[in-house]
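Enquirer: got a predicted structure plus its sequence, pasted below:
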Amino acid sequence: QWAYLDGQFQPLLDTKISVLDRGFLFGDGIYEVVPVYNRQLFEWPAHYARLERSLALTQISNPLSQQAWLDLLNELIERHPWPNQFIYLQITRGVQTPRDHLPAAHLTPTLLAYTNPLPAINKTNIGRGIAAITHPDLRWQHCDIKAITLLANVIAKKSAQNAQAQDALLVRQNGLVTEGSASNMFLIKDGTIHTPPLNEFILPGITRQVVEKLGTRHHVGFVERDIQESELATADELWLASSTKEIIPIVTLNHQPVGNGQAGPLWSKMFDLYQDYKREYKQDY
Ligand code: PLP
């Protein structure tokens, strides 16, 4: 398994960064996760747009041109045998000493990329659904940046495990549900998909974007609106969605059944539409 670090491919397990890297010392960096299906990048233009936006909002310079990014990712895919993969990219502001919150001028960003096998998705397994809990959203006010500082997400995930659940729905102090610990959330009521609007409290998920596109294309109502924690108990279905997990039904929330306690019909439909979309997706860049 290979990693790309600062211009070179090297064995992943031997790949090391400096202890002076601002990513390590300050969490001063951003990342992306890009799925690969049938050895082709999936939705790369959308992932790249979000990467550029994360870099712009953190004022970290983009170390590569768009073509150089594509060449790097394609080489990474080629170096590995797996048909389906997920590529992890991380860019930090770079190495700096002495320690200073203020970034030095003209740092060279650190670029790490490596890939992992993406397990095959099986509808029967995913259709069993997951248990989730609600958990306070302990994060900051720029959740729209895909920042590497994930401590609040990790705490939420750990709390879910402590409660014999697999994930957490995050709730802000104002009572609004934002997203999962590493996914966007959807509430289904009377055949319509509801999801929180894009703002600084959620990550603009690429899977969310595809769900919206498929909903619109297939005449399923898709509404972006604030969702109150109190509405969760009356949902017909609840889903989480992300690039690596795709679309997962939540079947119990805080140990109570969601709907009838089984994956719902709209989940089943959206799951199938998503598989068709993946199968037909053609990389033309
Ligand atoms: N929200 C958060 C907090 C995430 O970490 C992720 C992905 O890891 C998502 C949403 C879903 O984003 P995407 O669909 O682009 O994977």
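Expert: In hand now; what should we look at? None of these values were measured; they are calculated from a predicted model. Numbers count the residues shown, from 1 in each chain.

Enquirer: roughly how far does the most centrally placed residue in the chain sit from N62?
Expert: Centroid-nearest residue in the chain: S242, 4.9 Å away (criterion: Cα atoms, centre = their mean). As defined by Cβ to Cβ, to the nearest Å, S242 lies at a distance of 24 Å from N62. For the C-beta atoms, the positions are set from N, CA and C on the backbone; glycine is no exception.

Enquirer: please apply the same query to V220.
Expert: Taken as Cβ to Cβ, the span from V220 to N62 is 36 Å.

Enquirer: can you list the residues of the stretch 51-200 of the chain near the ligand?
Expert: Near the ligand, the residues belonging to the stretch 51-200 of the chain are 179, 182-184 when assessed by Cβ under 6 Å from any ligand atom.

Enquirer: now these: which count as buried?
Expert: 179, 182-184 (16 or more other Cβ atoms under 10 Å).

Enquirer: return the member of those residues nearest to the ligand.
Expert: A182 (3.8 Å; Cβ to the nearest ligand atom).

Enquirer: I'd say the closest one and K157 touch.
Expert: Yes. A182 lies in contact with K157 (Cβ atoms under 8 Å); the separation is 7.4 Å.

Enquirer: what is in contact with these two at once?
Expert: Taking Cβ atoms under 8 Å, 6 or more residues apart in numbering as the contact rule, A182 and K157 both touch D167.

Enquirer: assumed E32 was part of a strand.
Expert: Yes. Membership of E32 in a strand is supported by DSSP: H, G, I helix; E, B strand; the rest coil.

Enquirer: just give the number of residues close to it.
Expert: Neighbourhood size, E32 [other Cβ atoms under 10 Å]: 20.

Enquirer: how near is it to T15?
Expert: 18 Å.

Enquirer: do you know how far the residue nearest to the residue nearest to the centre of the chain when sequence neighbours are not counted is from L203?
Expert: When the adjacent residues along the chain are set aside, S242 lies closest to S183, with 4.0 Å between them (Cβ to Cβ, 6 or more residues apart in numbering). As judged by Cβ to Cβ, S183 and L203 stand 9 Å apart.

Enquirer: helix/strand/coil for the residue sitting furthest away from the middle of the chain?
Expert: What lies farthest from the middle of the chain is P98; by Cα atoms, centre = their mean that is 33.5 Å. Following three-state DSSP, the label given to P98 is coil.

Enquirer: distance of it from the ligand?
Expert: According to Cβ to the nearest ligand atom, to the nearest Å, P98 and the ligand sit 33 Å apart.

Enquirer: got phi/psi on that residue?
Expert: phi -70, psi 160 (degrees, to the nearest 10).

Enquirer: tell me the buried residues in stretch 69-77?
Expert: Buried residues in stretch 69-77 (16+ other Cβ under 10 Å): 69-70, 72-73, 76-77.

Enquirer: mind checking which of these land in helices?
Expert: Cross-referencing the buried residues of stretch 69-77 against helices under DSSP state H gives 69-70, 72-73, 76-77.

Enquirer: still on that earlier bit, list the contacts of the residue farthest from the centre of the chain.
Expert: Neighbours of P98 in contact, by Cβ under 8 Å, 6+ apart: none.

Enquirer: other SSEs contacting the helix or strand harbouring K213?
Expert: Assigned by DSSP states H and E, K213 belongs to helix 206-217. Where contact means 3 or more Cβ pairs under 8 Å, 6 or more residues apart in numbering; DSSP states H and E, helix 206-217 is packed against helix 44-58, strand 184-189, strand 192-195, strand 222-224, strand 237-242, strand 246-253, helix 265-280.

Enquirer: so the second one versus strand 237-242, what angle?
Expert: For the pair strand 184-189 and strand 237-242, the angle between their directions (axes from the mean of the first three to the mean of the last three Cα atoms, to 10 degrees) equals 160 degrees.

Enquirer: orientation of strand 184-189 relative to strand 246-253 in degrees?
Expert: 60 degrees.

Enquirer: strand 184-189 pairs with which strands, and in what direction?
Expert: Strand 184-189 sits in its sheet next to strand 192-195 (antiparallel), strand 237-242 (antiparallel), going by DSSP bridges.

Enquirer: gap between the longest one and the chain center?
Expert: Read that as strand 237-242. Strand 237-242 sits 12 Å away from the centroid of its parent chain (Cα atoms, centre = their mean, to the nearest Å).

Enquirer: can you check the shortest one too?
Expert: With Cα atoms, centre = their mean as the basis, the distance from the averaged C-alpha position of strand 192-195 to the chain average is 19 Å.
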